[in-house]
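# any chance you can model this:
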Amino acid sequence: MMKKNHDMSIDELNQKFYEYLEEIMYSSVNIDDPYDRVTVMQWIRKLRSLDAKLLTDVMIRNEYANYLRITLDNAKIFLSAPFKEAPPEGNLRPLCEILANFVAAKCPPIPMTGPIEPIMSQMSNDGKVFTKVKQSPDGGILCYIAVTPDGFGENPTK
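Now for the predicted structure:
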């Protein structure tokens, strides 16, 4: 059974990132447009510059890398948002927020999405400890930790 990203350790997520990078590099040689090729390299540098020790940064970085990998993994290369432009300065927003706002900008009846704060949700390898952390509306942090001797089974969030 394949682990989901939120069930993987930081080391496993970092390894997955380098697997994504390898595929991206392999596919990027097929990009005909030199501007797009440079933009992909800028994204690779940006993604590699993110902190590989903070779980939220690692998860956001991997979402972008996986989406870029999928974008380049087609027979016909077609870069889409956000990879058509150079990466932004500073921290990356969660990919779902960026893509939702891209769609909303193209279709005015759809409202823009406000900031979606990353949420850490992690299960221990033995399935006995579940941790969830998210930012509260007042700027604080909500932390939920549950422990059971029998394990939570498949999905403790439901």
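# for Phe17, see how far away the residue positioned nearest the centre of the chain is.
With distances taken as Cα atoms, centre = their mean, Glu63 lies nearest the centre of the chain, 2.2 Å away. Distance, Glu63 to Phe17, using Cβ to Cβ, to the nearest Å: 10 Å. C-beta here means a position set from N, CA and C on the backbone, and glycine is covered the same way.
# what sits up against stretch 35-45?
With contact meaning Cβ atoms under 8 Å, 6 or more residues apart in numbering, stretch 35-45 is reached by 21, 24-25, 28, 31, 64, 68, 72, 77, 79, 83-87.
# verify the stated contact: Glu23 with Asp73.
Yes: taking Cβ atoms under 8 Å as the definition, Glu23 is a contact partner of Asp73 at 6.8 Å.
# returning to what we had before: between the contacts of stretch 35-45, identify the one with the most neighbours.
Compared across the contacts of stretch 35-45, Leu68 has the highest neighbour count, 25 neighbours, by other Cβ atoms under 10 Å.
# phi first, then psi, for that residue.
Note on Leu68: backbone dihedrals following degrees, to the nearest 10 are phi -60, psi -40.
# and the pLDDT for it?
On the pLDDT scale, Leu68 is placed at 93.
# show me where this structure has strands.
Under the criterion DSSP state E, the chain contains strands at 120-123, 129-135, 141-147.
# quick check: mean pLDDT across the first one?
Right, strand 120-123. The model assigns strand 120-123 a mean pLDDT of 67.
# my guess is Thr148 contacts Met123. True?
No: Thr148 lies out of contact with Met123 (Cβ under 8 Å); the separation is 11.3 Å.
# settle it for me: which of these two has more neighbours?
Set side by side, Thr148 and Met123 show more neighbours around Met123, with 23 against 12, by other Cβ under 10 Å.
# what's next to stretch 84-102, contact-wise?
So stretch 84-102 is contacted by 36, 39, 42-43, 46-47, 50, 57, 60-61, 63-64, 67, 81-82, 112-113, 115-118 (Cβ under 8 Å, 6+ apart).
# sounds good, over and out.
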